[in-house]
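Novice: The sequence and its predicted three-dimensional model are supplied below.
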Amino acid sequence: MTSITNEDRQRTGGAPLRVLVAVHGYEPAGWAQETCRVVSTWAAPSVRVLAVLDVPSPPFTSLTGPARRAFGGALAQWTEIERTRLEAPIAALLPGLPQGAEVSTVRARGNLARAIADHADTWPADVIVVGGPTPGLRAWLRTGPVHERVVRLAGCTVLVTTPPLDDRRRWHRFPRVPHTAAAAAGQRA
């Protein structure tokens with residue numbers, strides 16, 4: 001579907017495909033390489049990398065000036081910690097993307113998927129590329145399945161990319177015992 005869109009746009013002289021690559025920091029290792037591989041297959045896309053900062057925003061209840069300054073300082077420090085955390089995934093992503101890819105930052109305010117979908121509507125993205133969470137309980141409990149909520153909220157096409165499974169992950173699955181081996185083991189017992 002996307003390649004047809006690209007051909008139609010090139011034939012009619014339309015604008016290039018607008019691709020929003022959302023980085024929320026909970027993507028699995030190797031996600032950047034797979035995303036770059038997918039984006040490189042499209043003809044001359046306009047790419048924007050969106051760094052979504054997952055900064056907590058607890059309610060502010062004090063009326064005093066010193067408390068307001070301390071609260072503002074804490075929010076600034078949390079924001080800087082998130083920026084630092086997202087530097088590595090963005091640095092791994094940028095060399096594989098087309099030249100001229102811009103980086104934009106948005107603060108999520110507790111809802112990563114809503115921040116991604118709202119930015120995609122504001123920037124008018126044609127495709128959102130988002131990664132599934134890393135395997136494990138923390139990614140599913142802390143932020144929820146971000147990719148699933150982006151699919152529901154976005155007004156454009158959403159591409160969820162994951163890196164290919166390596167051999168190490170395959171060995172952690174339960175081994176499959178062939179039916180004949182199980183039957184032979186049962187006859188010996």
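Specialist: Cool, got the structure. For clarity, every value in this text was computed on a predicted model and none was experimentally measured. Residues are numbered from 1 along each chain as shown.

Novice: alpha carbons only for contacts and neighbour counts from here, please
Specialist: Fine.

Novice: okay but S46 is in contact with R18, surely?
Specialist: Yes. At 4.8 Å, S46 and R18 qualify as touching, with contact defined as CA atoms under 8 Å.

Novice: quick one: strands adjacent to the biggest strand by length in the chain?
Specialist: Criterion DSSP state E: the longest strand present in the chain is strand 46-53. Paired strands of strand 46-53, with direction, are strand 18-23 (parallel), strand 102-107 (parallel) (DSSP bridges).

Novice: among those, which is nearest T162?
Specialist: T162 lies closest to strand 18-23 among the strands paired with strand 46-53, at 12.8 Å (CA to CA).

Novice: Identify the residues contacting the closest one?
Specialist: Identification of contacts with strand 18-23 by CA atoms under 8 Å, 6 or more residues apart in numbering yields 45-52, 86, 89-90, 116, 120, 124-131.

Novice: roughly how far out does it sit from the chain middle?
Specialist: 9 Å (CA atoms, centre = their mean, to the nearest Å).

Novice: Could you do stretch 79-88 as well?
Specialist: That offset, for stretch 79-88, works out to 15 Å (CA atoms, centre = their mean).

Novice: And stretch 63-78, by the same measure?
Specialist: The chain centroid and the centroid of stretch 63-78 are separated by 30 Å, computed with CA atoms, centre = their mean.

Novice: do the same with stretch 111-118
Specialist: On CA atoms, centre = their mean, the centre of stretch 111-118 falls 11 Å from that of its chain.

Novice: My guess is V55 contacts V106. True?
Specialist: No. At 10.2 Å, V55 does not count as touching V106 under the criterion of CA under 8 Å.

Novice: which one of those two has more residues nearby?
Specialist: The residue with more neighbours, out of V55 and V106, is V55; 21 against 14, by other CA atoms under 10 Å.
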